[in-house]
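Student: generate a structure from the sequence data that follows.
(2 chains)
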Amino acid sequence: MDALFGNLLNITTQQVIMWAVGGILIYLAIKREMEPTLLLPMGFGAILVNLPMSGAITQNIERIVDGIRHVEEEIGVLNVLSRAGIDNELFPLLLFIGIGAMIDFGPLLSNPRMLFFGAAAQFGIFFTFSLASLLGFSLQDAASISIIGAADGPTSIFVANYFNSQYLGAIIVAAYSYMALVPIIQPPVIRMVTTKAERRIRMKYEQRSVGKTVRILFPILVTMIAGLFAPRSVALVGFLMFGNLIRECGVLDSLSQTAQNQLANLVTLLLGITVAVNMQAEKFLNPQTLMILALGLIAFVFDTIGGVLFAKLMNLFLKNKVNPMIGATGISAFPMSARVIHKMGLAEDPTNHLLMHAVGANVSGQIASVIAGGLVIKLVEELIK
Amino acid sequence: MSIQLDQLSVSLRVMGLGMLGIFIVMSIVYLATLSISKILKENKK
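Tutor: Now for the predicted structure:
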């Protein structure tokens, strides 16, 4: 009977709590359709790794051979995948090729000043970095936590892994959950820092065609410029822009389609479930996880505030005013944030269509968040020398 | 207390340099994009 039921006695309260956490993530993915491509595999993975003596993760098994007790390490498949794709940052980088191939920089290239909103909306990252280090996290962990504000999963995984953060599981759960919650987080924050009159500012959109040569040169330029200033970001920016170059060159349609579909789907499938290795109860259930969830929310809030206040600052000098809500779309949560602001603009004035401006700022945020990740790595490394 | 002040000082420096760094990089990208667009337009003429 012991052979059948013995393992039941190994169940801990912490593991049961993690089953509930996994269940919540699966519920949010299916019922609420919140980032299902990642929350569902993460939720299921959280259950897999929190079953006692789970064969999905590495276990130390006691065996008696010829009367002598041996402890053997049985490598779990999720640890194999983690070593193959998370520990060396391979999975997030491959995913970035797919994401780059999906992005159309046209709205940004036809109105390049949107680049500055992308920059301003990374304020939350650096604000949260200061707050996290004040709360007692090491500089490396503070950097890993603050990058939740990049609103970009691969960048969060890349930076957290680079600094070997023990909080990788909590950081990823926070990053993807808050990205899905952008329609709930941003509107009240925007209303708090803007007036009704400011939200009703109309912005004219002039359709400007963007030449193919500009579209081809842009990803190459961004990679070189970002790489020179933040060399640690070359892999992140480079893979993102490589994906975009495949899309824009016009001679690699099948590769572009493969990157956008098969590659992105395959990597997402493996990434989601592999990340769950960091959701074992003893690593995940601690007071720091709650603090990280709170800090992640603060990062998103201050990203929004930073973008909006920058737009209001620009309006002091501009003849044709910018609707400050556009500043909020400088976060990397694409295209969710652009849609949220467009909807808010229509709610204030049904004839005010802000979508194309919002999309321009939103894709700019994608670039800025990756550069921010590289800068955070470089600055923390330099300053702790 | 002095360790916390050191940590605060480093984190504020990261905040300042980080925001400055992003704006510098994005400004260079902005100027480069505008220049290329202008050059290509003039070549077309």
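Student: what ranges do the helices span in chain B?
Tutor: For chain B, the helices defined by DSSP state H occupy B:2-44.
Student: residues of it that sit close to chain A?
Tutor: Residues of chain B lying close to chain A (C-beta under 8 Å from any C-beta of the partner chain) are B:4, B:7-8, B:10-15, B:17-19, B:21-30, B:32-34, B:36-37, B:40. In short, each C-beta sits where N, CA and C put it, glycine included.
Student: could you flag which of these are buried?
Tutor: Neighbour-count burial (16 or more other C-beta atoms under 10 Å in any protein chain shown) is assigned, among the residues of chain B next to chain A, to B:7, B:10-11, B:14-15, B:17-19, B:21-23, B:25-26, B:28-30, B:32-33, B:36-37.
Student: what residues sit buried inside the helix or strand where A:Ala372 lies?
Tutor: Per DSSP states H and E, A:Ala372 falls inside helix A:355-383. For helix A:355-383, burial by neighbour count (16+ other C-beta under 10 Å) applies to A:355-380.
Student: how near is A:His362 to chain B?
Tutor: Actually, residue A:362 is Asn rather than His. To chain B, A:Asn362 is 14 Å away according to C-beta to the nearest C-beta, to the nearest Å.
Student: quick check: chain neighbours aside, which residue is closest to that residue?
Tutor: Of all residues not flanking A:Asn362 in the chain, A:Ala338 sits nearest, at 4.2 Å (C-beta to C-beta, 6 or more residues apart in numbering or on different chains).
Student: that neighbour contacts A:Ser364, correct?
Tutor: No: taking contacts as C-beta atoms under 8 Å, A:Ala338 lies outside contact range of A:Ser364: 10.8 Å.
Student: burial measure for A:Ile99, as a count.
Tutor: A:Ile99 sits with 21 neighbouring residues when counted by other C-beta atoms under 10 Å in any protein chain shown.
Student: any idea which element it lies in?
Tutor: Here A:Ile99, judged by DSSP H and E, is contained in helix A:90-102.
Student: okay, now the unreliable bits of the chain?
Tutor: Because you didn't say which chain, this covers chain A. Across chain A, nothing is flagged by pLDDT under 70.
Student: wait, chain B
Tutor: Using pLDDT under 70, chain B drops low at B:1-4, B:45.
Student: correct me, but A:Gln260 touches A:Gly100?
Tutor: No: at 9.3 Å, A:Gln260 does not count as touching A:Gly100 under the criterion of C-beta under 8 Å.
Student: any shared contact partners between the two?
Tutor: Common contacts of A:Gln260 and A:Gly100 (C-beta atoms under 8 Å, 6 or more residues apart in numbering or on different chains): A:Arg247.
Student: more neighbours, those two?
Tutor: A:Gly100 (26 against 20).
Student: how would you label A:His70: helix, strand or coil?
Tutor: Secondary structure, DSSP: H, G, I helix; E, B strand; the rest coil: A:His70 is strand.
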